[in-house]
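1. For reference, the sequence and a predicted model appear below.
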Amino acid sequence: MRKVTLYPTLSQVFNNKKAIAMLPLYITWNPSEYLFNFGGFGIRWYGMCWLIGLALGYFMMKWLYKQHKYSQEKFEPLFLYVFISILLGARLGHCLFYEPEYFLTSAKNIVEMIVPIRFLEHGGWKFVGYQGLASHGGVVGLLLGLYLYIKRYKMKPWVVLDFFGICSGITACFIRIGNLMNSEIIGKITDVPWAFIFYKVDSSPRHPGQLYEALAYLLLFGLIFFIYKRNPKKVGTGLFFGLCIFLIFVFRFAIEYTKEIQVAFESGLPIDMGQILSIPLIILGAWAIWRSKGKEVEIGA
């Protein structure tokens with residue numbers, strides 16, 4: 001694994017203290033993509049961060065079901081619904097919103113939207129994984145998956161949505177840490193002292209937008225969990241779902257100003273695609289908060 005180092009180097013500090021005092025200590029970011037790689041088989045940091053985020057969300061959700069006296073028989077199928085719906089939604093969202101000019105041009109490319117492979121020009125294929133996932137598509141996929149789950153297991157919709165509102169921040173935090181480990185979704189060039197130099201991209205200091213989002217989502221998780229502990233009877237009103245959706249995409253909208261454009265057509269727009277897609281979700285979150293006003297639900301109801 002490559003080491004994460006600071007720029008300038010220590011030798012520069014000792015050899016030219018006056019000059020180096022005038023330079024910010026940018027962080028040169030060049031970690032290996034793999035947690036470990038042995039014999040051609042490896043575990044990527046990105047996949048591990050997804051796994052950790054999902055595992056934390058899973059155990060948090062299981063605890064909430066127990067706290068509110070819902071059976072484990074109803075909980076166990078939830079993970080499968082959620083995992084498949086988020087993965088498909090996030091993948092399709094990326095392909096349709098960010099790279100339609102590639103994925104919609106041939107039948108083979110349409111297959112690549114769902115199957116994690118890339119067809120080669122001269123025949124054959126290679127496994128590439130799901131390298132493009134969009135959080136907005138993931139939210140839409142999640143809502144559709146939860147609709148199917150709620151209908152099948154006769155759960156109260158706002159209870160399940162509030163459970164996800166309480167849990168989602170910690171999962172989103174680790175997904176963005178995974179993006180950081182992949183040196184993707186990079187920020188704009190800047191001279192702030194905490195800027196990252198993404199070695200795999202170029203030598204320019206940039207905003208660590210992934211880190212901004214990870215910290216924002218961690219803060220969101222702490223805030224919502226604090227409110228939940230003080231007001232557990234608000235579960236089922238939509239308050240926690242509303243707070244989660246509203247704050248996640250307000251943070252996302254603001255942090256997008258520090259990011260590089262991801263697709264060429266965004267350069268001609270006043271706001272980028274991520275911000276455009278955030279607006280309806282911000283409105284949805286605000287509406288859910290508004291409708292929860294003055295409502296309470298008894299625990300276990």
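-> That came in fine, so what should we check first?
2. Low-confidence ranges, the chain, go.
-> Counting by pLDDT under 70, the chain contains low-confidence residues at 1-24, 39-41, 112, 116-117, 126-132, 263-266, 298-301.
3. tell me the helices in it, going along the chain?
-> 10-15, 17-20, 45-67, 72-75, 78-98, 100-103, 107-114, 135-153, 157-181, 209-230, 239-255, 273-291 (DSSP state H).
4. Run through the residues that contact V160.
-> Counting by C-beta atoms under 8 Å, 6 or more residues apart in numbering, V160 makes contact with 146, 149-150. Where C-beta positions appear, they are placed from N, C-alpha and C, glycine not excepted.
5. Of the helices of the chain, give the one that comes closest to V297.
-> Distances from V297 to each of the helices of the chain were compared using C-beta to C-beta; the minimum, 7.4 Å, belongs to helix 157-181.
6. Buried by neighbour count: which residues of the closest one qualify?
-> For helix 157-181, the buried set under the neighbour-count rule, 16 or more other C-beta atoms under 10 Å, comprises 158-181.
7. Is it possible to get TSV of the helices of the chain that adds distance to Y199?
-> Rendered in TSV, the data for those read as follows (distance: least, C-beta to C-beta, whole Å):
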stretch	distance to Y199
helix 10-15	17
helix 17-20	20
helix 45-67	15
helix 72-75	43
helix 78-98	24
helix 100-103	27
helix 107-114	28
helix 135-153	25
helix 157-181	13
helix 209-230	15
helix 239-255	22
helix 273-291	24
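8. re the thing from before, ok, so of the contacts of V160, who is nearest Y217?
-> L146 (19.7 Å).
9. ok, that closest one touching I84?
-> No - taking C-beta atoms under 8 Å as the contact criterion, L146 and I84 are not neighbours in contact, 11.7 Å apart.
10. Spatially nearest residue to L56 (excluding sequence neighbours)?
-> Across the structure, with C-beta to C-beta, 6 or more residues apart in numbering as the measure, the residue nearest L56 apart from its sequence neighbours is I170 (5.0 Å).
11. More neighbours: which of L146 and I84?
-> L146 (20 against 13; other C-beta atoms under 10 Å).
12. Now do the contacts for the more buried one.
-> Under the criterion of C-beta under 8 Å, 6+ apart, the neighbours of L146 are 81-82, 85, 157, 160-161, 164.
13. what's the spacing between it and F246?
-> Going from L146 to F246 by C-beta to C-beta, to the nearest Å gives 18 Å.
14. Could you check how far F241 is from L92?
-> Applying C-beta to C-beta, one obtains 22 Å for the distance of F241 from L92.
15. Look at those two and report which has more neighbours.
-> Between F241 and L92, counted using other C-beta under 10 Å, F241 has the larger neighbour count: 28 against 19.
16. any idea how far that one lies from D202?
-> Using C-beta to C-beta, F241 is found at 40 Å from D202.
17. For L215, see how far away P193 is.
-> P193 sits 17 Å away from L215, taking C-beta to C-beta as the criterion.
18. ah, wrong one, I meant A90
-> Taking C-beta to C-beta as the measure, A90 falls 21 Å from L215.
19. cool, and N179?
-> Computed with C-beta to C-beta, the distance linking N179 and L215 is 13 Å.
20. wait, doesn't I189 sit right on S203?
-> No - the pair I189 and S203 fails to qualify as a contact (C-beta under 8 Å) at a distance of 10.5 Å.
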